[in-house]
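Asks: only geometry, no sequence info:
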């Protein structure tokens, strides 16, 4: 239900972005007005505007990251703590018990760093011009809506099939899907979406045709 809520909220935001894009195409917005429209969209953006504007320097992100880490109770992290606790029960040396947490931290550091480098490049490109910002927001928001509703639907169907004992048919097939494979599909969806978006941007000449004069 939470994923459905996130998907619906982002869908509302997506509709707002599309409206702004259409107004820009009709020439109803200059660059300043376009920036104001983008800044005012979305309930959460309006609610947290004061907090987001407080982040003015790179080091301001660090305490936000600490708070995020404290609340980052993923299934993987919980499983890791259980495994580490189980290893302690077998009287293993402390350095052997720390192997799993260190590997987990190393993996998170590697992938978060790669993600940060990619997002730094993406934000730098997107925020250079208003038309880029709109196109970037359209792509990312549409992708987030698709992923949230996709995962939410699979989860709901799996609960329904288990609750009512459905073992055959399309519902049973969807309900039996492994989330590991769904994760691979989501990664593939991300890659294909970005490749398609870049091709459309380049060959449809979005920036040349729709830049605000």
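Replies: Happy to help now that I have it. In this text the structure is predicted, and so the values were computed from the model without any measurement.
Asks: so how far is residue 174 from the residue of the chain most remote from its centre?
Replies: Going by CA atoms, centre = their mean, the residue of the chain most distant from its centre is residue 91, 40.6 Å out. Distance, residue 91 to residue 174, by CB to CB, to the nearest Å: 45 Å. Where you see a C-beta, it was placed from the backbone N, CA and C, and this is true even at glycine.
Asks: residues near residue 11, how many?
Replies: When neighbours are counted by other CB atoms under 10 Å, residue 11 registers 17.
Asks: Quick check: it touching residue 145?
Replies: Yes. Counting by CB atoms under 8 Å, residue 11 does reach residue 145; the two are 5.0 Å apart.
Asks: Point out where this protein drops to low pLDDT.
Replies: 28-49, 70-76, 87-89, 210-213 (pLDDT under 70).
Asks: Longest helix in it, please.
Replies: Criterion DSSP state H: the longest helix present in the chain is helix 130-164.
Asks: Beyond it, next helix or strand please.
Replies: Scanning forward in sequence from helix 130-164 by DSSP states H and E, the next helix or strand is helix 170-175.
Asks: Tell me how far residue 25 lies from residue 209.
Replies: Counting by CB to CB, the separation of residue 25 from residue 209 is 9 Å.
Asks: Hmm, I typed the wrong one, I wanted residue 81.
Replies: 53 Å.
Asks: who has more neighbours, these two?
Replies: residue 81 (14 against 9).
Asks: Grab the nearest non-local neighbour of the most centrally placed residue in the chain.
Replies: Taking CA atoms, centre = their mean, the centroid of the chain lies closest to residue 144, which sits 5.8 Å from it. Excluding the flanking residues, the one nearest residue 144 by CB to CB, 6 or more residues apart in numbering is residue 10, at 5.0 Å.
Asks: May I see the buried residues of the helix or strand hosting that neighbour?
Replies: Assessed by DSSP H and E, residue 10 sits inside helix 2-25. By neighbour count on 16 or more other CB atoms under 10 Å, the buried set for helix 2-25 is 3, 6-7, 9-11, 13-14, 16-17, 20-21, 24.
Asks: Please identify which of the residues you listed is nearest to residue 149.
Replies: residue 7 (4.3 Å; CB to CB).
Asks: my read: that closest one touches residue 149, true?
Replies: Yes. Using CB under 8 Å as the test, residue 7 is close enough to residue 149 to be in contact (4.3 Å).
Asks: hmm, who's touching stretch 86-105?
Replies: The set of residues external to stretch 86-105 that reach it, using CB atoms under 8 Å, 6 or more residues apart in numbering, is 76, 77, 80, 83, 84.
Asks: likewise stretch 186-198?
Replies: For stretch 186-198, the external contacting residues (CB under 8 Å, 6+ apart) are 135, 139, 142, 143, 146, 147, 150, 151.
Asks: Adding neighbour count and distance to residue 112, write these out as JSON lines.
Replies: Putting the contacts of stretch 186-198 into JSON lines (neighbours: other CB atoms under 10 Å; distance: CB to CB, whole Å) gives the following:
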{"residue": "135", "neighbour count": "20", "distance to residue 112": "26"}
{"residue": "139", "neighbour count": "19", "distance to residue 112": "22"}
{"residue": "142", "neighbour count": "17", "distance to residue 112": "24"}
{"residue": "143", "neighbour count": "17", "distance to residue 112": "20"}
{"residue": "146", "neighbour count": "16", "distance to residue 112": "24"}
{"residue": "147", "neighbour count": "20", "distance to residue 112": "19"}
{"residue": "150", "neighbour count": "16", "distance to residue 112": "24"}
{"residue": "151", "neighbour count": "18", "distance to residue 112": "21"}
